[in-house]
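Undergrad: Fold the following, please.
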Amino acid sequence: MACRISELVLDASDAERLAAFWREVLGYVEIGREDDGSIEIGPPDTGFGGLQPTLVISPNSTPRTGKLRLHIDVNATDRDQDAELERLLALGAERADVGQTGAENWHVLADPEGNEFCLLHHRLQPARPQSSE
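TA: As a prediction, this is how the structure comes out:
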């Protein structure tokens, strides 16, 4: 028996803004809200427990700053890397410098609250909802 990642939690000073950003980046929808202001987003028609983990954006008045020990990697599904980079920058991502040499085939970015993530080179097939059979 093994575990599976079901959700990732990001602390945010502005949970609404960060949830909106990641919904657009990933094509996710809002799944629910908690009394503490947390917003859970996930793949449409799947929700919690699907093959892809959901994201929980959790309000925190003192979110951690500096390099995180874990970051998210994303791949485009319907366009090439250059076009996806432009889309992410238009959504509010910013380029981040973590010591790249310039020879990498990925881009290091930061979300609107400074959480680093990488846009990788390969295009992936879009995730398909699980069959209910």
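Undergrad: and the residue nearest the centre of the chain, which of the three is it?
TA: Central residue of the chain (Cα atoms, centre = their mean): Trp22, 5.0 Å from the mean position. Assigned state for Trp22: helix (three-state reduction, DSSP: H, G, I helix; E, B strand; the rest coil).
Undergrad: Now for it: which residues touch it?
TA: For Trp22, the contact set (Cβ atoms under 8 Å, 6 or more residues apart in numbering) comprises Leu10, Tyr28, Ile41, Leu55, Ile57, Asp111. (Each C-beta comes from the backbone N, C-alpha and C, glycine too.)
Undergrad: go again using 10 Å as the cut-off
TA: By Cβ atoms under 10 Å, 6 or more residues apart in numbering, Trp22 lies in contact with 8, 10, 12, 28, 39, 41, 55, 57, 72, 74, 91, 111-112, 115, 117.
Undergrad: between those, which is nearest Leu124?
TA: Of all those, Val74 has the smallest distance to Leu124: 9.1 Å, by Cβ to Cβ.
Undergrad: hang on, isn't the closest one packed against Leu124?
TA: Yes. Val74 lies in contact with Leu124 (Cβ atoms under 10 Å); the separation is 9.1 Å.
Undergrad: Can you pick out the residue with more neighbours from the two?
TA: Taking neighbours as other Cβ atoms under 10 Å, Val74 and Leu124 compare with Val74 leading, 17 against 11.
Undergrad: leaving aside the residues next to it on the chain, what's closest to that one?
TA: Nearest residue to Val74, sequence neighbours excluded (Cβ to Cβ, 6 or more residues apart in numbering): Leu119, at 5.8 Å.
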